[in-house]
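> quick one, structure for this:
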Amino acid sequence: MDTVETERLVLRNFRSEDAADLFAYLHAPRSACFLDMALADLDAARAEAETRARADDYVAVCLREGGRVIGDLFRFHEPPDTYSVGWNFHEDVAGAGYASEAARALFSHLFRVEGARRLYAYVEEDNHPSRRLCERLGMRAEGLFREFISFETGEDGMPRYVDTMQYAILSKEWVG
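Next up is the predicted model:
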């Protein structure tokens, strides 16, 4: 992806040297949907950073001042003109508006540069910060999928399913 700059952030492709920053927020993911991405150690983070550096699916979100990677956005293209989008940020930047600023920049890029017609996001029903972010971005709730997916197993060894919301926005609805 082309580098995109905002007032406080730089959105760019990952680099291998981002491993330590990536490990800082993926060694113990806050949201259940990222549990399968948990990184065991810095070597695993190096491998993940190198994998992400070879594709445009994951976008590193960096502070303009200092260059620290504080999270990532993802954008999975579904031809011809739809993208699944999402975000994952380090807990120490929660509440500072970085996710909103970064997602708004990504949405603008996807609609204006990539020619996206539709963006959608899946969010666990109990993930209120991500649901609020979707709503701030102008996305509408399109549905609730009961027991949609399992990210972990319970003490009984059975999958624990979560209810999941789908949010979406069309390019003609985007006012960013």
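
> when you work out contacts or count neighbours from here on, use the C-alpha atoms and nothing else.
Fine.

> so in terms of bridging, what pairs with E78?
Following DSSP bridges, E78 is listed with bridge partners T82.

> can you list the low-confidence ranges for this structure?
32-36 (pLDDT under 70).

> can you list contacts of the lengthiest helix in the chain?
Determined from DSSP state H, the single longest helix within the chain is helix 98-112. Helix 98-112 is contacted from outside by 4-6, 9, 11, 61, 73, 87, 89, 116-117, 133, 136-137, 171, 176, using C-alpha atoms under 8 Å, 6 or more residues apart in numbering.

> now which of these would you call buried?
Among these, those classed as buried by 16 or more other C-alpha atoms under 10 Å are 5, 9, 11, 61, 73, 87, 89, 116-117, 133, 137, 171.

> in helices, which of the residues you listed appear?
Using DSSP H, the buried ones among the contacts of helix 98-112 in helices are L133.

> could you tell me the end-to-end distance of stretch 1-12?
7 Å (C-alpha to C-alpha, to the nearest Å).

> also stretch 19-38?
This stretch, stretch 19-38, spans 13 Å end to end (C-alpha to C-alpha).

> run through who's touching that stretch.
Residues from elsewhere that reach stretch 19-38 (C-alpha under 8 Å, 6+ apart): 39-42, 45-49, 68-71, 89-91, 124, 127, 151-152.

> any of these buried? List them.
39, 42, 45-46, 48-49, 68-71, 89-90, 124, 152.

> let me see the ranges of the strands in this structure.
Assigned by DSSP state E, the strands in the chain fall at 4-5, 9-13, 58-63, 69-78, 82-89, 118-124, 140-153, 159-170.

> give me the angle between the last one and strand 140-153.
Strand 159-170 and strand 140-153 are oriented at 150 degrees to each other (axes from the mean of the first three to the mean of the last three C-alpha atoms, to 10 degrees).

> same check, this time on the second one
With the same axes, to 10 degrees defining the directions, strand 9-13 sits at 60 degrees from strand 140-153.

> partners of strand 9-13, with directions?
strand 4-5 (antiparallel), strand 58-63 (antiparallel).

> before we move on, the earlier item: nearest to M158 among the buried ones among the contacts of helix 98-112?
Using C-alpha to C-alpha, W87 is the member of those that sits closest to M158, with 27.8 Å.
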